[in-house]
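S.K.: everything below, folded, please.
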Amino acid sequence: MSITPNVPVPLALVGGAHIHTPNFIKRLGARRDVRVAAVWDHDATRAGRLATALDAPILDPDTIWADPAIGGAIICAETDRHEALVLAAATAGKALFVEKPLGLGAGDAGRMADAIERAGVPFQTGFFMRGQPINLFLREQIVAGSFGQLTRLRITNCHAGVINGLFDGEWRWMADPRIAGVGGFGDLGAHALDLLLWFLDGQATPERGTARIGAATGRYADCDEYGEGLIAFSGGLTGSIAAGWADPSSRVSIEIAGTGGHATVINGDLFFESAAVAEADGKRPWKALPEGLPHAFDLYLDAVTGKVDLPLVTAREAATRSAIMEALYAGARQDSWEVLTSPLT
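M.R.: Numbering: from 1, shown residues only. Alright, predicted model coming up:
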């Protein structure tokens, strides 16, 4: 992909079904270093709406892949359409943003990661929570050993989507696991799982996992609405994620415990206690935080415009999250612990 100074990089929006697409369109409109040169969606009505919003022509995917001027593809299609689009885009050498989850499970996600790595193209997905100041700080402290021997790491990510009918209309496919791969637990749990693994930075390996998943309202037929996942890591650490669309509020989002420290995030405030850090007594909100990073989508746009050494999510990381989430769902269905060790990790 060649970049001409002071000339916006042409990109394509390939599929706009995901609920985050309107936010991405706003972010694209705020940039002057990129432009959307083409859009496509299998739904003609949606394609027309996207083309109008982005002032771009509707082109079929084969035409997009064949155009050497188009440097990147933003794929926000339904999850079950990701594999065909991603494999073709990677083969064509397009820099990729693929909305999470990358795949339905280990199989398609692994094939996509393989293709992206072979192509050597930039990749990013929508794990925006990595860039939040509290999360950056907590990862730094875990890596620094400020919590001593870690014993528990719990992350919660919930909202009231099913209560408020968020998926009653255009986004209904996201509440159909046959298309989305997951329901409420996996949709929001993808972010919680990513943080859990990213916090640890390879210090512990996920070995076994299980979950309890359910539906509180039954609003979306056989779609799950909430769940709790449990992961046993090497070294004795227990990780857990709670996620779903059935909570009126979600006040405690993170809890980390170890032999030398503790952290809790309550209503957006961090309470941090560590024997290794001066004044970290956990009695008042901790405010000494690093500057946040740009949104995950903006980091992708930075990458396609030539910036380097950016903290992007790798394709292998994204595939691993899909594989582990698939195993947690299997554990819930079978009331079993699933082995998590695989080539993806």
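
S.K.: quick one: residues in contact with the host helix or strand of Arg49.
M.R.: Arg49 is located in helix 44-54, with elements delineated by DSSP states H and E. Residues outside helix 44-54 that contact it (Cβ atoms under 8 Å, 6 or more residues apart in numbering) are 13, 16-17, 21, 25, 28, 36, 39-41, 56-58, 170. Yep, even glycine has a C-beta here, placed from its N, CA and C like the rest.

S.K.: so which of those residues are in helices?
M.R.: Thr21, Ile25, Leu28 (DSSP state H).

S.K.: so which of these wins on neighbours?
M.R.: Of all those, Thr21 has the most neighbours under the rule other Cβ atoms under 10 Å, reaching 22 neighbours.

S.K.: got a list of what that residue touches?
M.R.: Going by Cβ under 8 Å, 6+ apart, Thr21 touches Leu13, Leu50, Cys76.

S.K.: any idea which of those residues is closest to Thr259?
M.R.: Proximity of the contacts of Thr21 to Thr259 (Cβ to Cβ) peaks at Cys76, which lies at 43.3 Å.

S.K.: tally of neighbours for the closest one?
M.R.: 22.

S.K.: find the nearest non-adjacent residue to it, please.
M.R.: His18 (4.1 Å; Cβ to Cβ, 6 or more residues apart in numbering).

S.K.: distance-wise, check that neighbour relative to Leu85.
M.R.: 13 Å (Cβ to Cβ, to the nearest Å).

S.K.: give me the common contacts of these two.
M.R.: Ala77.

S.K.: point out where the stretch 201-345 of the chain drops to low pLDDT.
M.R.: The stretch 201-345 of the chain contains residues with pLDDT under 70 at 341-345.

S.K.: what ranges do the helices span in it?
M.R.: 296-304, 315-334 (DSSP state H, counting those that start in this stretch).

S.K.: hey, where'd the strands end up in the stretch 201-345 of the chain?
M.R.: 206-214, 226-233, 238-244, 252-258, 261-266, 269-274, 338-339 (DSSP state E, counting those that start in this stretch).

S.K.: including distance to Asn135 and mean neighbour count, could the ones you listed go into TSV?
M.R.: Shown next, in TSV, are the strands of the stretch 201-345 of the chain (distance: least, Cβ to Cβ, whole Å; neighbours: other Cβ atoms under 10 Å):
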stretch	distance to Asn135	mean neighbour count
strand 206-214	19	20
strand 226-233	18	22
strand 238-244	14	23
strand 252-258	8	19
strand 261-266	9	20
strand 269-274	10	20
strand 338-339	27	14
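
S.K.: any chance of CSV for the ones you listed, columns distance to Ser322?
M.R.: Shown next, in CSV, are the strands of the stretch 201-345 of the chain (distance: least, Cβ to Cβ, whole Å):
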stretch, distance to Ser322
strand 206-214, 13
strand 226-233, 14
strand 238-244, 14
strand 252-258, 23
strand 261-266, 26
strand 269-274, 29
strand 338-339, 14
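
S.K.: so which of those is nearest Ala315?
M.R.: Closest among these, using Cβ to Cβ: strand 206-214, at 18.3 Å.

S.K.: need the residues that contact that closest one.
M.R.: With Cβ under 8 Å, 6+ apart, strand 206-214 has contacts from 183, 185, 197, 224-234, 239, 324, 327-329, 331-332, 335-341, 345.

S.K.: pairing partners for it, with directions?
M.R.: Here strand 206-214 has these sheet partners by DSSP bridges: strand 226-233 (antiparallel), strand 338-339 (antiparallel).

S.K.: contacts for the longest one next, please.
M.R.: Applying Cβ under 8 Å, 6+ apart, the external contacts of strand 226-233 come out as 158, 184-185, 189, 193, 196, 200, 204-216, 238-247, 324, 328, 332, 337, 340.

S.K.: quick one, that strand and strand 238-244 angle?
M.R.: Computed by axes from the mean of the first three to the mean of the last three Cα atoms, to 10 degrees, the angle separating strand 226-233 from strand 238-244 equals 160 degrees.

S.K.: with just CA atoms, put strand 226-233 into CSV.
M.R.: Extracted in CSV, the C-alpha atoms of strand 226-233 (Å, rounded to 0.1, in the frame of the first residue of the first chain):
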residue,chain,number,x,y,z
TYR,A,226,-26.2,-12.9,30.0
GLY,A,227,-23.6,-15.2,31.5
GLU,A,228,-20.6,-15.8,33.7
GLY,A,229,-17.4,-17.4,32.4
LEU,A,230,-14.7,-19.0,34.5
ILE,A,231,-11.1,-19.6,33.3
ALA,A,232,-8.4,-21.5,35.1
PHE,A,233,-4.9,-20.2,34.3
